[in-house]
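**Student:** Model the following, please.
(2 chains)
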Amino acid sequence: MTDDVKVADKTDSLTDLKETDEDLRLPSVVEPAHFPVETIDTEARHQTPAVGQRATRPDGRLHGLGQTKYIDDITFPNMLFAKMKRAGISSALIKSIDTSEAEAMPGVAAVLTGREIPVNSYGPSYQDQPVLADERVFHAGDPVAAVAAVTEQIAEEACERIKVEYEPLEPVYDPVEAMKDEIRVHPPHSNIYATKRIKKGDLEKGFAEADHIFEGVYSTQMIEHVPLEPHASIAQWDPNGRVTLWSSLGRITLGRADIARTLDMPINKIRIVGTIVGGNFGGKNEITTEPALALLSRKTGRPVKMVYTREEEFIASTTRHPFIMEYKTGVTKDGMITARKVRLVLDGGAYCSWSETTLGKACILSAGPYNIENLLAEAYCMYTNKTMAGAMRGFGAPQVCFAYESQMDEIAHKLGIDPLELRMKNAFHEGSASPTGQVLQSVVVKDSLEKAAERFGWKEDGQ
Amino acid sequence: MTDVTLTINGEERSASVPPETSLLRLLRDEFYLTGSKLGCDVGDCGACTVIVDGLPVNACLMLAGQVDGRDVVTIEGLATLEDLHPIQKAFEEFASLQCGFCGPGVIIAAKGLLDRNPDPTKEEIKDALSGNLCRCTGYTKMIEAVQDAARILRGEKEAA
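**Tutor:** Numbering: from 1, shown residues only, chains lettered A, B, ... in the order given. Here you go, the predicted model:
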């Protein structure tokens, strides 16, 4: 408890904090700069007194009145509603798509297939996902056609009347099985589409110094974000060949670039209006239906809206990566970790999405907040014929935390050391180096553990 | 087509809609009362909760035809920007809403409870809100807000 974090006086009121906030905003007219520019540096390790202050959210009132407009609450005159036909088969070649019956239905304004999309691929890091699958289906939630109609029901019925002929292919669902590359999700590419390796110290020497070796395999499941507001967008093509998209998308700038690419249009012809989002949690960090809606709007000259059903949220939006985590840890008899070897296999599903980011963060954090001199962490991200995994709160950090903390408990139990004490012995301290060599500052993990243990009565519980 | 005449927030309204139209679609698409949200359309999430004849219901599970001649209160009927209902005020005060999508449903469910039971226990509040899902805020602050609103409505506490 020797940490010297200074907490500012509680006399600083919320009004003062708000003023500071205002000062940080850019002025509407930029003042001429004078050089050298003087900057005011906040005192290091100085905490503002925000914690404990009573603040109300500026947007709370309209939310509570039910007046906040989310995408589905916005309507345009003469607007059409879109639905997508989902493949329902996880791996197949598309032999043919017959949309004639759907197109002939009264109330159907337009039908769109993948072949009509100028550049039919997108993705925030690799562009490996088709807007509408045209030649091949990579997972059962893949859309193969989109329909715009005067009502949602008509659009849905039209989807049912679209006939798609498939040539089924052997799918691969297990990420470890997928590593063999016997069945390739995106041939000719390997299923291993991203890797990371972190090496520190001498692993063999570390294990030789250990009195005990612990080995374990831990796994976590696929999790859907389930935002209360499903993914939703409205597209309106304007007379000058520009398109405006109202979207629940979180990263509008990134999305704009991706949409420009798929539509093969200059980015300045694409305007995205990011509305209030009804929950994101990482699941709305990339485009989904936007390019298809834009093209349906162009085809019909009318605004087009699409809202995912709850089912589509589960089968066609990103999820949290399931992890398979192998941990081997060497420990001395008094509980000091001498070496750790980690192998992570991430099930990325059919497309990359934010897998690279997740892989990197998970790998860096996989050793846990502990001083480990000898370390090897290897991580692989795999394609499988399943719903794609992407960003979700923590980008892989919760999965590895489950693994290393589970193993810490096993070690404590086996060695007869108090689980808290085992963590205190090994935990990062001020100036510790992370597995990638970053020297850490403001490290309060031991203080946090001690305080938490004190608060909930760890010792009294007889643990 | 089904003809419906009902009272919404004290006002008589009529519409002619296809028979499969839900009460939620009627409110949102015919009357533009978009405060009631469509979150799942199968009665799981409670974002569409409205009060029908004094009882909170999932508007997505009720057909428009079933509300003919009945009294419906939606979130829009509770208050105006300047004159909030004590529950809404408490939700604002306790920061019980983050993204806000579940908010109208939760507030209506809470109103449904306090109208019938002005002094509910914490367990009774939890039970009344059990049909409303929230993915951001969590439920603790909502329960605290409902308790606070109940105190104000009972006259035990001055409105802030």
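**Student:** Identify the residues contacting residue 59.
**Tutor:** Defaulting to chain A. Shown in contact with residue A:59 (CB atoms under 8 Å, 6 or more residues apart in numbering or on different chains): A:68, A:276, B:100. Just so you know, the C-beta spots here come from the backbone N, C-alpha and C atoms, and that holds for glycine as well.
**Student:** That was the other one, I meant chain B.
**Tutor:** B:22, B:23, B:24, B:27, B:36, B:48, B:49, B:50.
**Student:** burial measure for residue B:156, as a count.
**Tutor:** Using other CB atoms under 10 Å in any protein chain shown, residue B:156 has 9 other residues around it.
**Student:** so where do the strands sit in the stretch 351-463 of chain A?
**Tutor:** Applying DSSP state E, counting those that start in this stretch to the stretch 351-463 of chain A gives strands spanning A:374-382.
**Student:** For residue B:149, grab phi and psi.
**Tutor:** phi -60, psi -40 (degrees, to the nearest 10).
**Student:** Touching, it and residue B:90? I think so.
**Tutor:** Yes. At 4.1 Å, residue B:149 and residue B:90 qualify as touching, with contact defined as CB atoms under 8 Å.
**Student:** Of the contacts of residue B:59, which are in range of chain A?
**Tutor:** residue B:36 (CB under 8 Å from any CB of the partner chain).
**Student:** Filter the contacts of residue B:59 down to just the ones in strands.
**Tutor:** Under the assignment DSSP state E, those contribute B:49, B:50 to strands.
**Student:** Need the contacts of residue B:59 in CSV (columns: pLDDT and distance to residue A:269).
**Tutor:** Below are these laid out as CSV (pLDDT from 0 to 100; distance: CB to CB, whole Å):
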residue, pLDDT, distance to residue A:269
B:22, 98, 39
B:23, 98, 41
B:24, 98, 37
B:27, 98, 37
B:36, 98, 36
B:48, 98, 37
B:49, 98, 42
B:50, 98, 42
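**Student:** which two from the contacts of residue B:59 end up farthest apart in space?
**Tutor:** B:22 and B:49 (13.1 Å; CB to CB).
**Student:** Can you list the neighbours in contact with stretch B:110-130?
**Tutor:** B:49, B:51, B:54-56, B:73, B:78, B:85, B:87, B:106, B:109, B:139, B:142-143, B:145-147, B:149-150, B:153-154.
**Student:** how about 7 Å then?
**Tutor:** Defining contact as CB atoms under 7 Å, 6 or more residues apart in numbering or on different chains, one finds that stretch B:110-130 is touched by B:51, B:54-56, B:78, B:87, B:106, B:109, B:139, B:142-143, B:146-147, B:149-150, B:153-154.
**Student:** Show me those residues that map onto strands.
**Tutor:** B:51, B:55, B:56.
**Student:** tell me which of those is nearest to residue A:90?
**Tutor:** For the ones in strands among the contacts of stretch B:110-130, the nearest to residue A:90 is residue B:56 (40.7 Å; CB to CB).
**Student:** can you tell me which residues contact the closest one?
**Tutor:** Residue B:56 touches B:49, B:108, B:109, B:112, counting by CB under 7 Å, 6+ apart.
**Student:** try 8 Å this time
**Tutor:** B:49, B:50, B:108, B:109, B:111, B:112, B:113, B:128.
**Student:** Find the nearest non-adjacent residue to it, please.
**Tutor:** Leaving aside its chain neighbours, residue B:56 sits nearest to residue B:112 (3.3 Å; criterion: CB to CB, 6 or more residues apart in numbering or on different chains).
**Student:** what's the answer for residue B:132, then?
**Tutor:** Leaving aside its sequence neighbours, residue B:132 sits nearest to residue B:46 (CB to CB, 6+ apart; 3.5 Å).
**Student:** from what I can see the one you found touches residue B:107, true?
**Tutor:** No. Counting by CB under 8 Å, residue B:46 sits too far from residue B:107 to count as a contact (11.0 Å).
**Student:** Show me which of the two is the more surrounded one.
**Tutor:** Taking other CB under 10 Å, residue B:46 and residue B:107 do not tie; residue B:107 has more neighbours (31 against 27).
**Student:** List the residues that contact the spatially most central residue of chain B.
**Tutor:** Centroid check for chain B by CA atoms, centre = their mean gives residue B:108 as the closest residue, at 2.3 Å. Residues in contact with residue B:108 (CB under 8 Å, 6+ apart) are B:36, B:49, B:50, B:51, B:56, B:73, B:74, B:75, B:78.
**Student:** rerun at 7 Å
**Tutor:** Applying CB under 7 Å, 6+ apart, the residues contacting residue B:108 are B:49, B:50, B:51, B:56, B:75.
**Student:** Which two of these have the greatest separation?
**Tutor:** B:56 and B:75 (11.5 Å).
**Student:** For the residue nearest to the centre of chain B, give its distance to residue B:16.
**Tutor:** With the distance defined as CB to CB, to the nearest Å, residue B:108 ends up 26 Å from residue B:16.
**Student:** Please apply the same query to residue A:234.
**Tutor:** 26 Å.
**Student:** Of these two, give the one with the bigger neighbour count.
**Tutor:** residue A:234 (26 against 11).
**Student:** Spatially nearest residue to residue A:274, not counting backbone neighbours?
**Tutor:** Using CB to CB, 6+ apart, the nearest residue to residue A:274 is residue A:252, at 4.4 Å.
**Student:** what's the burial count for the one you found?
**Tutor:** Residue A:252: 16 neighbours (other CB under 10 Å).
**Student:** how about the residues of chain B that lie near chain A?
**Tutor:** Within chain B, the positions near chain A by CB under 7 Å from any CB of the partner chain are B:34-35, B:38-42, B:45, B:47, B:75-76, B:79, B:81, B:88, B:91-93, B:95, B:97, B:99-104, B:107, B:133, B:135-136.
**Student:** how close does the residue nearest to residue A:288 when sequence neighbours are not counted sit to chain B?
**Tutor:** The shortest distance from residue A:288 to any non-neighbouring residue, by CB to CB, 6+ apart, is to residue A:231 (5.4 Å). According to CB to the nearest CB, to the nearest Å, residue A:231 stands 12 Å off from chain B.
**Student:** how close does residue A:231 get to residue B:6?
**Tutor:** 32 Å.
**Student:** More neighbours: which of those two?
**Tutor:** Using other CB under 10 Å, the more surrounded residue of residue A:231 and residue B:6 is residue A:231, with 25 against 22.
**Student:** Can you read off the backbone torsions of the more buried one?
**Tutor:** Dihedral angles for residue A:231 - degrees, to the nearest 10 - are phi -60, psi 140.
**Student:** Can you list the low-confidence ranges for the chain?
**Tutor:** In the absence of a named chain, this looks at chain A. A:1-31, A:37, A:39-49, A:460-463 (pLDDT under 70).
**Student:** my question was about chain B
**Tutor:** Checking chain B against pLDDT under 70 turns up B:160.
**Student:** check contacts around the closest residue to chain A within chain B.
**Tutor:** Of all residues in chain B, the one sitting closest to chain A is residue B:35 (2.3 Å; CB to the nearest CB). Residue B:35 is in contact with A:66, A:67, B:74, B:75, B:76, B:104, counting by CB under 7 Å, 6+ apart.
**Student:** swap the cut-off to 10 Å and go again
**Tutor:** Shown in contact with residue B:35 (CB atoms under 10 Å, 6 or more residues apart in numbering or on different chains): A:63-68, A:73, B:27-28, B:48, B:50, B:74-78, B:103-105, B:107-108.
**Student:** Perfect, that will be all.
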